[in-house]
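Q: I would like the atomic coordinates for the input below:
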Amino acid sequence: MKLGPYAVDVPVMLAPMAGMSDLPYREICRAHGAGYAVGEMTTCQPQFRTSRKSATRWACDAELGLRVVQLLGADPAMMADAARYAEDSGAQVVDINMGCPAKKVLQTACGSALMKDEALVARILEAVCAAVSVPVTLKIRTGWDREHRNALAIAGIAEQTGVAMLTIHGRTREDGFRGEAEYETIRTVKAAVSIPVIANGDIDSGEKARRVMALTGADGVMIGRASYGNPWIFSEVGAALGHLPERKAPGLEERHAVICDHMRRHFDYYGGARGAVTFRKHLSHYLKGLPGSEALLGELFATSDADVLGAAVSRYFERLQDDEQGLG
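A: Down below sits the predicted model:
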């Protein structure tokens, strides 16, 4: 798939997710099959660019794949300025968030709230596309609510203003993440525009990805929550779509090795104390459903020492492997 001057050889993508899709997480997902990864959304307001949280959400030269910065805002001039800042900072793609359904985002008339004002959508897209030389992409939902599904109209605006790729989450803003995603709207949009269209929402297996691609005709898929504690989902989907070789589901040894790799990257990026605290959410996903994991998590959530955290995880997996071998 072409995205401006870039080729996306494996159009199986990691979605931007606040608090999750930071640089270490993007690198782990890439290592396990993601061909494209979008960073956490960052506000376009200039006064926050150097805050501790926002500073990690701009482009990083160490990133191995395409550097994609996602911007959140509702003012065309401010969004254009933020896009220029992103490009100057090393972003190779600028993504615009018009899909986030979070209340705190909607209260600022940003994210999916923008879908109520198609004229403002056009002004933002025109301003951002004119401000930068890198590809500009857009992420939306099917509409504001089920009575106002206007993804098709916004897709037309996006194509006309120069947006290079469109990602559609198969729910309205009103739906949030409730119920099942619908893909008919994505199919309608794909048939109407010539730019690449990416399907997003409830894609949690290779088989589901095949069905969604067959139904929508989309150019690729984007995966969000199904990747929590499961970076292997990208290799599974990539194989199912014919982009990657088949791989076996991870056993305990591989699962442990990936957690250790992710921890190392995470601690190197954030430092030990902050890293130990912010990695807890990842551990809760990696360990979900494993025997005795609830007791371990209780222990891990009581420490902010990276060495203690890593040692406890290693002891836990050693016990699991010993038990597995004993059963065998």
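Q: all strands of the stretch 151-300 of the chain, in order?
A: 165-169, 197-200, 220-223 (DSSP state E, counting those that start in this stretch).
Q: closest one to residue 178 among those?
A: strand 165-169 (12.6 Å; CB to CB). All C-beta atoms are positioned from the backbone trio N, CA, C, and that covers glycine.
Q: what does the closest one rub up against?
A: 3, 13, 15, 99, 135, 137-142, 151, 155, 158-159, 181, 185-186, 189, 193, 195-201, 219, 222 (CB atoms under 8 Å, 6 or more residues apart in numbering).
Q: please save the CA atoms from that strand in PDB.
A: Taking C-alpha atoms only, strand 165-169 is exported to PDB below (Å, rounded to 0.1, in the frame of the first residue of the first chain):
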ATOM      1  CA  MET A 165      -5.200   7.700   3.900                       C
ATOM      2  CA  LEU A 166      -8.400   7.300   5.900                       C
ATOM      3  CA  THR A 167      -9.000   5.000   8.900                       C
ATOM      4  CA  ILE A 168     -12.600   4.300   9.900                       C
ATOM      5  CA  HIS A 169     -13.600   2.800  13.300                       C
END
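Q: hmm, back to that, got the strands of the stretch 151-300 of the chain as TSV, with mean neighbour count, distance to residue 175 and mean pLDDT columns?
A: Output for those, formatted as TSV (neighbours: other CB atoms under 10 Å; distance: least, CB to CB, whole Å; pLDDT from 0 to 100):
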stretch	mean neighbour count	distance to residue 175	mean pLDDT
strand 165-169	27	9	98
strand 197-200	26	13	98
strand 220-223	24	17	98
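Q: wait, which of these is closest to residue 68?
A: strand 165-169 (10.3 Å).
Q: chain center to the closest one: distance?
A: Put simply, strand 165-169 sits 12 Å off its chain's centre (CA atoms, centre = their mean, to the nearest Å).
Q: quick one: strands adjacent to that strand?
A: Strand 165-169 pairs in its sheet with strand 136-141 (parallel), strand 197-200 (parallel), by DSSP bridges.
Q: hang on, the earlier thing: JSON lines for the strands of the stretch 151-300 of the chain, including distance to residue 307?
A: Formatted as JSON lines, the entries for the strands of the stretch 151-300 of the chain read as follows, by distance: least, CB to CB, whole Å:
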{"stretch": "strand 165-169", "distance to residue 307": "40"}
{"stretch": "strand 197-200", "distance to residue 307": "38"}
{"stretch": "strand 220-223", "distance to residue 307": "32"}
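Q: how is this protein divided into domains?
A: The chain is divided into the following domains under the TED database: 2-241, 252-327.
Q: just the mean pLDDT for the shortest one, thanks.
A: Right, the one you point to is domain 252-327. For domain 252-327, mean pLDDT rounds to 92.
Q: what about residue 325, neighbour count?
A: 9 (other CB atoms under 10 Å).
Q: let me redo that: residue 271
A: 12.
Q: the one 4 residues further on too?
A: The burial count assigned to residue 275 is 20, neighbours taken as other CB under 10 Å.
Q: from what I see, it and residue 262 are in contact.
A: No - Residue 275 is beyond contact range of residue 262, at 10.7 Å (criterion: CB atoms under 8 Å).
Q: can you check the pLDDT for residue 164?
A: Residue 164 carries a pLDDT value of 98.
Q: ok, residue 124 - contacts?
A: Taking CB under 8 Å, 6+ apart as the test, what residue 124 contacts is 73-74, 76, 79, 96, 114.
Q: shouldn't it be within a helix?
A: Yes - judged by DSSP: H, G, I helix; E, B strand; the rest coil, residue 124 forms part of a helix.
Q: out of the contacts of residue 124, who's nearest residue 32?
A: Distances from residue 32 to these, taken by CB to CB, are shortest for residue 96, at 27.3 Å.
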